[in-house]
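Colleague: just a sequence and a predicted model for now, questions to come.
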Amino acid sequence: MAYDNPENVLVLETTKGKVVIKLRPDLAPNHVARVKELAREGFYDGVVFHRVIEGFMAQTGDPTGTGAGGSDKPDLKAEFSAEPHKRGTVSAARTQNPDSANSQFYICFDRAPWLDRQYSVWGEVIEGMDNIDKIKRGEPVRDPDQITTMRVAADL
């Protein structure tokens, strides 16, 4: 499939199928740069969806699978925006410290207005949201689904 700007598109192959994310450098340029850098390093390959809450979101990006891990790169400063958290929104997970986002992210199943202006939105699912809907639920998830591979479309 051709994309307008393949440099700003991520293609995830998951255990439930393909998911395509349009990146939003206009909203969070540093978060987009980090996720592309990690994807190009193969960081996300084999990483599980460790926290998946029905009607809320599916979280991934922790190589330990616990929710406490990240990459060895420095944490990112918050890039909050007025972009609403709605179905398909991809946003950076973090601790209570606004400047603690690293490699983890979540994909919203539904509108989550309490997250607006509190988390850095860096993408939107443009294809395969039905596959995100199929991901096993849990906190933590038993026998979790995973990202098989995550690539920048320009590199495919």
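Modeller: On my side now, so go ahead. Since we're looking at a predicted model, the values are computed, not measured.

Colleague: what's the helix ranked longest in the chain packed up against?
Modeller: Identified as the longest helix of the chain according to DSSP state H is helix 29-40. With contacts taken as 3 or more Cβ pairs under 8 Å, 6 or more residues apart in numbering; DSSP states H and E, helix 29-40 sits against strand 9-14, strand 17-23, strand 121-127, strand 147-152. Quick note: C-beta positions are derived from backbone N, CA and C, even for glycine.

Colleague: ok, which of those comes nearest T95?
Modeller: Proximity to T95 (Cβ to Cβ) singles out strand 121-127 among these, at 17.3 Å.

Colleague: what does the following helix or strand past that closest one rub up against?
Modeller: Next helix or strand after strand 121-127 toward the C-terminus (DSSP states H and E): helix 129-133. Residues outside helix 129-133 that contact it (Cβ atoms under 8 Å, 6 or more residues apart in numbering): T14, K16, G17, K18, V19, A58, R87, G88, I107, F109, V125.

Colleague: any chance of a PyMOL selection covering the buried ones in these?
Modeller: Those of those that count as buried under 16 or more other Cβ atoms under 10 Å are selected in PyMOL with:
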select buried, resi 14+16+19+58+88+107+109+125
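
Colleague: now flag whichever of the contacts of helix 129-133 is closest to T149.
Modeller: Distances from T149 to the contacts of helix 129-133, taken as Cβ to Cβ, are shortest for T14 (9.0 Å).

Colleague: how about that closest one: what's its closest non-neighbour residue?
Modeller: I147 (5.5 Å; Cβ to Cβ, 6 or more residues apart in numbering).

Colleague: any idea how far Y3 is from the residue nearest to the spatial centre of the chain?
Modeller: Centroid-nearest residue in the chain: F105, 3.7 Å away (criterion: Cα atoms, centre = their mean). The gap separating F105 from Y3 is 20 Å, by Cβ to Cβ, to the nearest Å.
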